[in-house]
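1. My questions are about this predicted structure, shown below with the sequence.
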Amino acid sequence: MSVEAPLAVAGYFAGRPISLITFLIIPLAMKRIGIADTTFARVDMARAAISVIKNEASAEIIRYTVPGIKDLPVAAKKLMDEEKCDIVMALGMPGPADKDKMCAHEASTGLIAAQLMTNRHIIEVFVHEDEAPDERTLASLAKRRTEEHALNAVRLLYHPEMLTRLAGTGQRQGYEDAGPIESSSGGHLGH
Amino acid sequence: MSVEAPLAVAGYFAGRPISLITFLIIPLAMKRIGIADTTFARVDMARAAISVIKNEASAEIIRYTVPGIKDLPVAAKKLMDEEKCDIVMALGMPGPADKDKMCAHEASTGLIAAQLMTNRHIIEVFVHEDEAPDERTLASLAKRRTEEHALNAVRLLYHPEMLTRLAGTGQRQGYEDAGPIESSSGGHLGH
Amino acid sequence: MSVEAPLAVAGYFAGRPISLITFLIIPLAMKRIGIADTTFARVDMARAAISVIKNEASAEIIRYTVPGIKDLPVAAKKLMDEEKCDIVMALGMPGPADKDKMCAHEASTGLIAAQLMTNRHIIEVFVHEDEAPDERTLASLAKRRTEEHALNAVRLLYHPEMLTRLAGTGQRQGYEDAGPIESSSGGHLGH
Amino acid sequence: MSVEAPLAVAGYFAGRPISLITFLIIPLAMKRIGIADTTFARVDMARAAISVIKNEASAEIIRYTVPGIKDLPVAAKKLMDEEKCDIVMALGMPGPADKDKMCAHEASTGLIAAQLMTNRHIIEVFVHEDEAPDERTLASLAKRRTEEHALNAVRLLYHPEMLTRLAGTGQRQGYEDAGPIESSSGGHLGH
Amino acid sequence: MSVEAPLAVAGYFAGRPISLITFLIIPLAMKRIGIADTTFARVDMARAAISVIKNEASAEIIRYTVPGIKDLPVAAKKLMDEEKCDIVMALGMPGPADKDKMCAHEASTGLIAAQLMTNRHIIEVFVHEDEAPDERTLASLAKRRTEEHALNAVRLLYHPEMLTRLAGTGQRQGYEDAGPIESSSGGHLGH
């Protein structure tokens, strides 16, 4: 796992040289965001995620690449348990076959279990190969969905109140938002 | 997470000023209800839930909004482990596609696991986008089902005996109740 | 949760008044059977279960009613962890739609997990709404299956050797038994 | 649960009477094999398993019968946690309907979870009612598959190297073995 | 389980005889790779895996053969908990029927759970019998996929940065790589 840390804090602080202890404490206070991605995916989704996170927050980013989406649950859990990440993004591109759908289901189930074991969020960003009519559109979709979910990760970590403001408004990632809908006044549903 | 607390108890009690310690003990005795909802949903289901709970009980309500239904299991677990909620409502509106059904299944499985890990109830309120013929009816259904399940949450927490009185009576949430059925006297089922 | 306890043991035992301590020890030695049921079901299955158990055994019965079958796993686990039940019956009537089948699957998975976490049995009694041609037959089926499984619960708790005597005999609950089958003497199965 | 123990070791050993302590240590060193079966099955599969195990090994056999296959996971776990079994065979005959297939899936998932919680093997022997054209063939299949898997259980416990010798050779239980296949020398698979 | 250890380090080191303690410490520092395979598979996939690992790394290899893929999760977990493996490869060949697909799904779910319980990777290599038109091609596919995933296991353990270099490049195991795709510049996806 490679750590993309922001410029190390060094030199003098308040007129006094920063000791080693001070130096060690500062990075610990900084939030850590894990990025787990795959060699199976056909788009470098992690690059899109890292770019958004660097724009939006001053966090340490730890990236961890595994072969396929079924390797993501333990990768995400290791990022939390061993690399002390506060949140993880799990990026993958399942294939179009039935077998691939099943793989995605198994990976998702594992990602949810990993969250329950750590009490921390894993933002799953899966782009299915059959979601777009051609490769260029698929790549655009993958990039855009990853970017929008990177924003969600930052909000969960730093600005949860921003998500509450968007609650029930039909947000979509990678597509246009569906938007909110209004209930009819006197509707009554039969059985 | 934002806490919607009832009016703070302050001033004098039994002719004596309430000390800080007394003040801290009182809120602990009050039940805490978590509301986990999503930005994906197209209806502000949490508003409907909060409104019913405020009418029915004097509880602290802690709301936590996440992007989608797959983020609800860990959100609910955090509400219980970190915010000490006694019960949680998990509100979501899965889309109509096969992939969305699978997401709902994964979320439900996670919500059940979170309950088993905490020994506390999570009332799942999912409204599927294909449950209603048009958007207005869908919104009404979402509002009504959430309200009726908010009542269930209050009953589980404060009046479990009211649920036992309704046992086996075909209660439905969002639709008309199905009602109880009677067994035939001398029926005999072949193999 | 309401406890249906047998007549309290009080007064004199062996010519000496029963002390509080004795009184507390006796109920602890008595087996406790939990009944978890739902308001969604259209038949009061718990009544059928309780009636059989009272006939067959001298156990404390603790009943706990929840809204639907997905609330049963944690209800059963609470009956075991908090109410110290030795066994639990989980009673429910899933609807006929695909979504209902999925709910039943999720509930069953959770019930099995709850058993593995507690090392105690949960006898699941689910009656699917599409198992019978009409409501009266459905209600009869629900009642009969519950009664036969209540007998299974009593056997597991008090007479496990009775189940071993019935092993491999094609027992069915709610329907006629399928019965045992005999193998052919010289059969040989191709690939 | 009934224990079918081999003849108790008693009397004199090396010219000295065997003390109680010696007597207690010897059975502990003996392997314990659990057999979990059901009253739902239409064939006494446990009998077939016990017969093979007695021929092949000098183990204590503990049998535990439950109503159906969904009760097998906790039965197997109890056999390991409470009866200290070193391995368990879980025997069942799922019915032919879709609902039965789902039951089998839930039971299998639970059996795998029980193994992960105990770090011991559970050999699942399930015979589906629609695997054979008639009842006699079905019963033969059930008997034969159970016998061959009983051999597997003995090998896992006493002779794991025998399984490694058979690795990749297409072994089947209840049917003829599929056998090994050879790779083509210069094959190349397109995408 | 059989250990295929590299040549034992013995004799003199830096002019002094290597003591027993030194001898015991050195192998502990060496990485341990577990190989779990099945007698059900029709190809000796473990041989292909071991050959690649021996070429690429100086690790101890512990092999453990079980009957079928549903036995792989606990086998992999035992390899990690009892044999202290740092990573495990789980090799299997599910059959072509619906029932076999379900077995593979259950095994995969268990393998992911085992990883989350141990925080170590299990590289699943499953080759479905219906992935190739004939037996020779199937055997070639099994061999090639196993070899490529053995390389992935070595990379995860020794050279994780090599996987990050391949992130998002559409790697496939057993087939030709799919390769990376480029996003269109100004694409915009409707809802």
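-> On my side now, so go ahead.
2. Whichever residue of chain A sits closest to chain D: which element?
-> Chain A approaches chain D most closely through A:Thr109 (10.6 Å), counting by C-beta to the nearest C-beta. Quick note: C-beta positions are derived from backbone N, CA and C, even for glycine. In the assignment (DSSP states H and E), A:Thr109 maps to helix A:98-118.
3. Next, the angle from the following helix or strand past that helix to helix A:98-118.
-> Per DSSP H and E, the first helix or strand lying C-terminal to helix A:98-118 is strand A:122-126. Here strand A:122-126 runs at an angle of 170 degrees relative to helix A:98-118 (axes from the mean of the first three to the mean of the last three C-alpha atoms, to 10 degrees).
4. Which residue ranges of chain A form helices?
-> A:20-29, A:45-56, A:72-81, A:98-118, A:135-158, A:160-165 (DSSP state H).
5. closest to chain C out of those helices?
-> Chain C lies closest, by C-beta to the nearest C-beta, to one member of the helices of chain A: helix A:98-118, at 10.6 Å.
6. what comes up buried for the closest one?
-> A:99-118 (16 or more other C-beta atoms under 10 Å in any protein chain shown).
7. Return the distance of A:Val139 relative to chain B.
-> Actually, residue A:139 is Ala rather than Val. 19 Å (C-beta to the nearest C-beta, to the nearest Å).
8. OK, contacts around that residue?
-> The neighbourhood of A:Ala139, defined by C-beta atoms under 8 Å, 6 or more residues apart in numbering or on different chains, consists of A:42-43, E:181-184.
9. likewise A:Gln171?
-> Contacts of A:Gln171 (C-beta under 8 Å, 6+ apart): A:177-178, B:39-40, B:67.
10. Show the average pLDDT along stretch A:40-57.
-> The average of the pLDDT scores along stretch A:40-57 is 97.
11. Geometric centre of chain A: which residue is closest?
-> Central residue of chain A (C-alpha atoms, centre = their mean): A:Met89, 2.6 Å from the mean position.
12. per-residue confidence at that residue?
-> 98.
13. ok so, going back, do the helix holding A:Thr109 and chain E meet?
-> Yes: counting by C-beta under 8 Å from any C-beta of the partner chain, chain E is contacted by helix A:98-118 at A:99, A:102-103, A:106-107, A:109-110, A:113-114, A:117.
14. Highest mean neighbour count out of the helices of chain A?
-> Most buried of the helices of chain A, by mean neighbour count (mean count of other C-beta atoms under 10 Å in any protein chain shown): helix A:72-81, with a mean of 26.
15. Excluding chain neighbours, what is closest to A:Phe40?
-> Counting by C-beta to C-beta, 6 or more residues apart in numbering or on different chains, A:Gly68 is the residue found nearest to A:Phe40 once chain neighbours are left out, at 4.4 Å.
16. Now do that neighbour against A:Ala49, distance only.
-> 18 Å (C-beta to C-beta, to the nearest Å).
17. What of A:Glu106?
-> From A:Glu106 to A:Ala49 the distance is 23 Å (C-beta to C-beta).
18. ok, and the most crowded of the contacts of A:Ala139?
-> Counting neighbours by other C-beta atoms under 10 Å in any protein chain shown, A:Val43 comes out on top of these with 27 neighbours.
19. Would you mind listing where chain A has pLDDT under the threshold?
-> By pLDDT under 70, the weakly predicted segments of chain A are A:1-29, A:184-191.
20. Surely A:Leu138 and A:Glu129 touch.
-> Yes: the pair A:Leu138 / A:Glu129 is scored as a contact, 6.6 Å apart, by C-beta atoms under 8 Å.
21. A:Tyr175: neighbour count?
-> Neighbours of A:Tyr175 (other C-beta under 10 Å): 14.
22. A:Glu82 now?
-> 12.
23. Quick one: residues contacting the residue nearest to A:Phe40.
-> A:Gly68 neighbours (C-beta under 8 Å, 6+ apart): A:38-40, A:92, A:103.
24. ok, 10 Å please
-> Going by C-beta atoms under 10 Å, 6 or more residues apart in numbering or on different chains, A:Gly68 touches A:38-41, A:92-95, A:100, A:103, A:107, E:123-124, E:149, E:152, E:171-173.
25. how near is it to E:Gly170?
-> 11 Å.
26. again, but for A:Ala139
-> In terms of C-beta to C-beta, A:Ala139 sits 11 Å off from E:Gly170.
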